[in-house]
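Asks: after the sequence you'll find the predicted model.
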Amino acid sequence: MFTGIVEEMGQIRNIERGSQSAVLHIRCEKVLPGTKVGDSIAVNGVCLTVTAMTEDGYTADVMAETLERSSLGSLRRGSRVNLERAMAADGRFGGHIVAGHIDGTGTVSKISRDETAVWYTIAAEPEILRYIVEKGSITIDGISLTVAHVTDSDFSVSIIPHTQQNTVLADRRVGDIVNLETDMIGKYVEKLLQPQESEKKESKITMEFLAEHGF
């Protein structure tokens, strides 16, 4: 479990690509203390397992489905990535509950600035947008952000310059693909309601029944 608060930006040292999977070699510093093989670290919002440690980084395997459903497949040597270790039991929820299991990707369609903020507009598919609500939470490349506006085709977030400068959003340009994870609460509520809908029984109260009983 994560919170969407990026601890540092790592850098892809090397990528070993197989026919359907890949191994990421990530150079980093802040997330290494206390980390061991088998631990989870979110890479641009995708939960990956540490498979080996080095003095200045670690490696992680990426399966075929992850490459297909996320933007990790477009990483290359030198790419910067957002890193966050799994939340400690005594940690603080600075962002929101993030699973590290992205729902899909979006495309940066617009970047603009005002006096105090940088605005990013992200185009996404309807199956993702249905779970995004204004003033709700969204994870973009592993960053916990508040949704400022939603339409039928996209949504917008407003971030402070500090967030842009200290995450890979600084590298994003119009047309770039980003990983998206919507707030899990909405998905769980929808899932829990589905069985109730399917189990509804046809009512035995009919007009004839009411008339027969004096109504």
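Replies: Structure's in. What do you need? Remember, predicted model here, so these are calculated numbers, not experimental data.
Asks: what sits against the residue lying closest to D176 once chain neighbours are set aside?
Replies: The spatially closest residue to D176, leaving aside those adjacent along the chain, is V108, at 4.8 Å (CB to CB, 6 or more residues apart in numbering). In this view, the C-beta of every residue, glycine as well, is placed from N, C-alpha and C. Going by CB atoms under 8 Å, 6 or more residues apart in numbering, V108 touches Y120, T121, I122, A123, R172, R173, V174, G175, D176, I177, V178.
Asks: give me the pLDDT value at V108.
Replies: What the model reports as pLDDT for V108 is 98.
Asks: now it: how far from T3?
Replies: 23 Å (CB to CB, to the nearest Å).
Asks: sorry, back to before: SS state for the residue nearest to D176?
Replies: strand (DSSP: H, G, I helix; E, B strand; the rest coil).
Asks: who's it bridged to?
Replies: Following DSSP bridges, V108 is listed with bridge partners I122.
Asks: one more: I143?
Replies: I140.
Asks: separation between it and E7?
Replies: Taken as CB to CB, the span from I143 to E7 is 11 Å.
Asks: between the two, which has more neighbouring residues?
Replies: I143 (26 against 17; other CB atoms under 10 Å).
Asks: wait, that one sits on T167?
Replies: Yes - assessed by CB atoms under 8 Å, I143 is found in contact with T167 at 5.4 Å.
Asks: residues shared between the contacts of these two?
Replies: In contact with both I143 and T167: V6, N82, using CB under 8 Å, 6+ apart.
Asks: now the longest helix belonging to the chain: buried residues?
Replies: The longest helix of the chain (DSSP state H) is helix 184-198. By neighbour count with 16 or more other CB atoms under 10 Å, helix 184-198 contains the buried residues M184.
Asks: so how far is it off the chain centroid?
Replies: Chain-centre distance of helix 184-198: 20 Å, with CA atoms, centre = their mean, to the nearest Å.
Asks: and it, what's its mean pLDDT?
Replies: Per-residue scores along helix 184-198 average to 76.
Asks: and for stretch 71-85?
Replies: For stretch 71-85, the per-residue pLDDT averages 95.
Asks: same question, stretch 8-28
Replies: Rounded mean pLDDT across stretch 8-28 is 95.
Asks: and the residue positioned nearest the centre of the chain, what element?
Replies: With distances taken as CA atoms, centre = their mean, E181 lies nearest the centre of the chain, 2.9 Å away. According to DSSP states H and E, E181 maps onto strand 177-182.
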